[in-house]
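Trainee: Got a predicted model here, sequence first, then my questions.
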Amino acid sequence: MATLTRATSASLTSGRLPSWVTGLLLSVAILGSATFFLAVGSPGLLRILFTGALIFASVMMVASLAVEGRRRAKDRLSGIVVTSAFVLALLPLISLVLSVVRYGSQRFDLQFFIYSMRSVVGEGGGAAHAITGTLWVTGLATVISVPIGILAAIYLVEYGTGPLARSITFFVDVMTGIPSIVAGLFAYSVFVLIFGPGTESGLAGAVALSVLMMPVVVRSTEELLRVVPNELREAAYALGVPKWLTVLKVVLPTALAGIVTGVMLAVARVIGETAPLLIAAGFTQSLNNNPLSGPMMTLPVFVYRSYVDQGSPASAYLERAWAGALTLILIVMILNLAGRLVAARFAPKSGR
Amino acid sequence: MSKRIDVTDLNVYYGDFKAVEDVSLTVEPRTVMAFIGPSGCGKSTMLRTLNRMHEVIPNAYVEGSVKLDGDDLYGPGVDPVRVRRQVGMVFQRPNPFPTMSVADNVLAGVKLNNKRISTSKSKELLENSLRAANLWHEVKDRLDRPASGLSGGQQQRLCIARALAVQPEVILMDEPCSALDPISTLAIEDLIGELKESYTVVIVTHNMQQAARVSDMTAFFNLSAQDKPGRLIEIGTTDKVFSNPDRKATEDYISGRFG
């Protein structure tokens, strides 16, 4: 029998950089790059950080190669690349949240929440009409699209076979790709055809949003129903439970936590839509609590209108726009938190 | 309770594929029948035709008849849901409902069917079913805890209790111990011995010793080649099949020469 010669030494131990080296090298690299740019006379946070990261990566590689060997050096490099990609992806988000909070907090006061813009010129006023409008329109869109979406998903997973199911899947995919402005035009024209020209209403806005929301709900619910183990369905059938009760009481509760999360994501997806609401729901300066008639203001449209149609002083309008954006982000965050709480409440329990 | 099963000239198909061919057998009330045979020989399929669970797979159908005390399960107008209320089933892997507590799992057959049941009645049914499944003493203090917290063997006995709570005539078990350790297996085998006092039991098993221990009758299934339908090779009292089989194939399988 031929013996293979060992390529590597038989030793089980190898050199290892102590864990504090990473932190030390990183701070030295950043400090070094900061000193250099200050000395040159062109300090800038981004270029200091970027150069610092580059220096850190190369020094770390060399050190690791010398002490730990090729395999660990490669491991270090991939670790640094992945971490930097993550930080890079996070930067725009952090910057966005920081600026919205900074500019938005200036008008984030009680008046902003209890006043509409009715007969307000210049300073003062608020977005009460836009906040209630957003809640109305998004709420109605949810009421329209969630039952249809969940029922369609149940049909696709539990009952659908053959050409009908395939065509539904296909058209749901097509719907996912509809540009939001087209959904707005669709809803607007439907309401114009029924109620005459120039009809703008909260309901029309809700219909436009539900066109955008429905495919998201169908898709996420479908995926979650498919991962419910077949064994549970069989267990219910074997107990003499009819199919519809099995779906209602076994399959849906098991998937409920995920479905709730999916619905919340769908809401978050449409609550910031501007274009379809601009067309279908219109805009107004006054509070309108009747979604069946008259234009209804919503937060994204409020932000948009405050920005395009600045009065004097312009700063008052811009501050209101920022405050509106902040409110919108907070609403989405609250919805997400509520969704998570509900999901945790309904999630199957491990019991250990 | 407990009914007699008569299977006559049964063929089972999955679409174009014939899975089981020409099976006739009888299971007497209050006995345990074991189905043994190599993988893919159609014994699980055969078992599932006894409560029409094979219909869960699209395009599955049967020819021939399965009679429960003379009533044809495949006669016109027979509702598979009603069949399954008389013929309960326990599966290979324990499958308690993860969203429900121990108690709700046992009462699932009642609760999922939207039946009204008084609190005292449901308590009685809960305790009786759990006692019948030899599980009462282990879980009586955690009836409202999630069922997924029980051990695998306890979960399987919970599934048996759940099947018993529907008050069936027949219990089908599809390799009920293959996912369990020897001690849990022993607990379930003891339980099968008690269950046959009041139910007809049909069990599929890969474990020949288990078949020899628990069953009164044994049916050996085999298939002549891959993609050929499974056939019933030999059926008889367990003693006879294990000690003095009529057919060479049965003897080879039981003595471990193939399969």
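Mentor: Cool, got the structure.

Trainee: Three-state assignment for A:Met297, please.
Mentor: coil (DSSP: H, G, I helix; E, B strand; the rest coil).

Trainee: Look up phi and psi at it.
Mentor: Dihedral pair for A:Met297: phi -80, psi 150, per degrees, to the nearest 10.

Trainee: Pull out the buried positions in the helix or strand where A:Ala257 lies.
Mentor: Using DSSP states H and E, A:Ala257 falls within helix A:252-271. For helix A:252-271, the neighbour count (16 or more other CB atoms under 10 Å in any protein chain shown) marks A:252-264, A:266-271 as buried. Quick note: C-beta positions are derived from backbone N, CA and C, even for glycine.

Trainee: If you average the pLDDT over it, what comes out?
Mentor: Across helix A:252-271, the average pLDDT comes to 90.

Trainee: Contacts made by that helix with the rest, please.
Mentor: Helix A:252-271 is contacted from outside by A:134, A:138, A:141-142, A:145-146, A:149-150, A:154, A:209, A:212-213, A:216-217, A:220-221, A:224-225, A:227-228, A:232, A:299-300, A:328, A:331-332, A:335-336, A:338-340, A:342-344, A:346-348, B:97-99, using CB atoms under 8 Å, 6 or more residues apart in numbering or on different chains.

Trainee: Also stretch B:238-252?
Mentor: B:34, B:208, B:211-212, B:215-218, B:220, B:222, B:233-236, B:254, B:258-259.

Trainee: in whichever helix or strand A:Leu224 is part of, what's buried?
Mentor: Per DSSP H and E, A:Leu224 falls inside helix A:202-226. By neighbour count on 16+ other CB under 10 Å, the buried set for helix A:202-226 is A:202-222, A:224-225.

Trainee: Show me how far stretch B:222-232 is from its chain's centre.
Mentor: Its chain's C-alpha centre and that of stretch B:222-232 lie 22 Å apart, by CA atoms, centre = their mean, to the nearest Å.

Trainee: model confidence over it, on average?
Mentor: Mean pLDDT, computed over stretch B:222-232, is 86.

Trainee: and A:Ser58, how many neighbours does it have?
Mentor: Residues near A:Ser58, counting by other CB atoms under 10 Å in any protein chain shown, number 13.

Trainee: Let me know the secondary structure of it.
Mentor: Secondary structure for A:Ser58, judged by three-state DSSP, is helix.

Trainee: Can you give me the distance of it to A:Ala85?
Mentor: 17 Å (CB to CB, to the nearest Å).

Trainee: So for the helix or strand A:Gly32 falls within, what gets flagged as buried?
Mentor: A:Gly32 is located in helix A:20-40, with elements delineated by DSSP H and E. For helix A:20-40, the neighbour count (16+ other CB under 10 Å) marks A:Thr22, A:Leu25, A:Leu26, A:Ala29, A:Ile30, A:Gly32, A:Ser33, A:Ala34, A:Phe37 as buried.

Trainee: out of those, which one sits closest to A:Tyr307?
Mentor: Ranked by distance to A:Tyr307 (CB to CB), the buried residues of helix A:20-40 are led by A:Phe37 at 35.5 Å.

Trainee: CSV please, covering the buried residues of helix A:20-40 and showing pLDDT and distance to chain B.
Mentor: Shown next, in CSV, are the buried residues of helix A:20-40 (pLDDT from 0 to 100; distance: CB to the nearest CB, whole Å):
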residue, pLDDT, distance to chain B
A:Thr22, 87, 41
A:Leu25, 89, 47
A:Leu26, 89, 44
A:Ala29, 90, 50
A:Ile30, 88, 49
A:Gly32, 90, 55
A:Ser33, 89, 53
A:Ala34, 89, 54
A:Phe37, 89, 58
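
Trainee: What is the nearest of the residues you listed to B:Glu197?
Mentor: B:Glu197 lies nearest to A:Thr22 out of the buried residues of helix A:20-40, by CB to CB, at 69.7 Å.

Trainee: if I pick that closest one, what's in contact with it?
Mentor: A:Thr22 makes contacts with A:Met60, as judged by CB under 8 Å, 6+ apart.

Trainee: go on, A:Phe112?
Mentor: Contacts for A:Phe112 (CB under 8 Å, 6+ apart) come out as A:Gly126, A:Ala127, A:Arg320, A:Ala323, A:Thr327.

Trainee: how far away is the first one from A:Phe113?
Mentor: Which is A:Gly126. 6 Å.

Trainee: ditto for the fourth one
Mentor: For A:Ala323, the distance to A:Phe113 under the criterion CB to CB works out to 9 Å.

Trainee: ok, these two, which is more surrounded?
Mentor: Legend: neighbour count by other CB under 10 Å for A:Ala323 and A:Phe113, higher for A:Ala323 (25 against 13).

Trainee: Centre of the chain to the helix or strand hosting B:Thr45, how far?
Mentor: Element membership of B:Thr45 [criterion: DSSP H and E] is helix B:43-49. Here helix B:43-49 is found 9 Å from its chain centre; the criterion is CA atoms, centre = their mean.
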